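J.: Next come a sequence and a model predicted from it.
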Amino acid sequence: MKTKPKIFGILNLTPDSFSDGGQFNETDKALIQAEKLLSDGADFIDIGGESTRPGAKDLDWEEEWGRVFSFLNKIDSRGQISSDPVKTPGITIDKISLDSRKPDVARKFCEKGGIWLNDVSSFQSEAMIDVALEYDTYCIVNHFPGKTIAEVHEQNIGSSIKVMDDLMFKREYLIEAGVDHHKIILDPGIGFGKTMELNWELLKFPELIPDIRVMIGHSRKRFLGENRMKKPVNDEASKIAINSGAWALRVHEV
């Protein structure tokens, strides 16, 4: 019997994300969506202030942090979302993960009490590792085959073994740097420089490393086909990932 996975509900605080850009970049709308994700059963809210879609604009850290801070600033001293504390199930900072590849943004987040760092660029920055060590964070490590978003989306990797080897190498690097191995979660990076066939194969990535926590982030991505924005095909992919032993799913709809 498979264990119920943790659910990270995606909340893009951006005007240009691939599936919901502009829907939640206003703080009040973001709060309403966060409340919905929690009410639907999300364990965590994964917030991001910068799009990583192909062709997305690179932001300086101040602009990205401004988007994130506007949302975090609405969480009151008791840790509840303050737009309507009667209806919201409540959220504490430890239930928020930060989707960012910028150490300065990560540091600001951790200074406010954040403990989950979701670095799409696979903790390539030594400064990001320093932040993780200083604040003893959880580290979600995404497979990112390149130095920049543009470079990654030019790749066409077709081997799950390469993805596994790259991630295991990074995991060992982080452990040697001092990160607690229990706090490392690996994400095979579906949609980041992979063939369409490999993206489907990576839904079963947890089977390759059954003793290590794996997050699968497949939601609404292009490999799902022309109906990728609809629920049935996303549910199909979720079931494959769950049956393969995924520790967590990162999804737009809980």
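T.: Sure, I can see it.
J.: Helices along the stretch 101-250 of the chain, start to end?
T.: 103-111, 126-135, 149-152, 160-177, 196-201, 231-243 (DSSP state H, counting those that start in this stretch).
J.: so can I have CSV of those showing mean neighbour count and mean pLDDT?
T.: Bear in mind the C-beta positions are built from the backbone N, C-alpha and C, glycine included. Output for those, formatted as CSV (neighbours: other CB atoms under 10 Å; pLDDT from 0 to 100):
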stretch, mean neighbour count, mean pLDDT
helix 103-111, 21, 96
helix 126-135, 17, 98
helix 149-152, 18, 91
helix 160-177, 16, 98
helix 196-201, 17, 98
helix 231-243, 16, 97
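J.: Figure out which of those is closest to Asp187.
T.: Asp187 sits nearest to helix 160-177 of all the helices of the stretch 101-250 of the chain, at 8.1 Å, using CB to CB.
J.: which residues touch the closest one?
T.: By CB atoms under 8 Å, 6 or more residues apart in numbering, the residues outside helix 160-177 that reach it are 122-123, 129, 132-133, 139, 141, 143, 145, 157, 181, 184, 186, 188-189, 194, 198, 201-202, 205, 208-209, 212.
J.: Which residues are in contact with the closest residue to Glu197 other than its chain neighbours?
T.: Distance criterion CB to CB, 6 or more residues apart in numbering; nearest residue to Glu197, sequence neighbours excluded, is Gly158 at 6.9 Å. By CB under 8 Å, 6+ apart, Gly158 lies in contact with 194-195, 197-198.
J.: Tell me, how many residues neighbour Asn227?
T.: If you count neighbours by other CB atoms under 10 Å, Asn227 ends up with 10.
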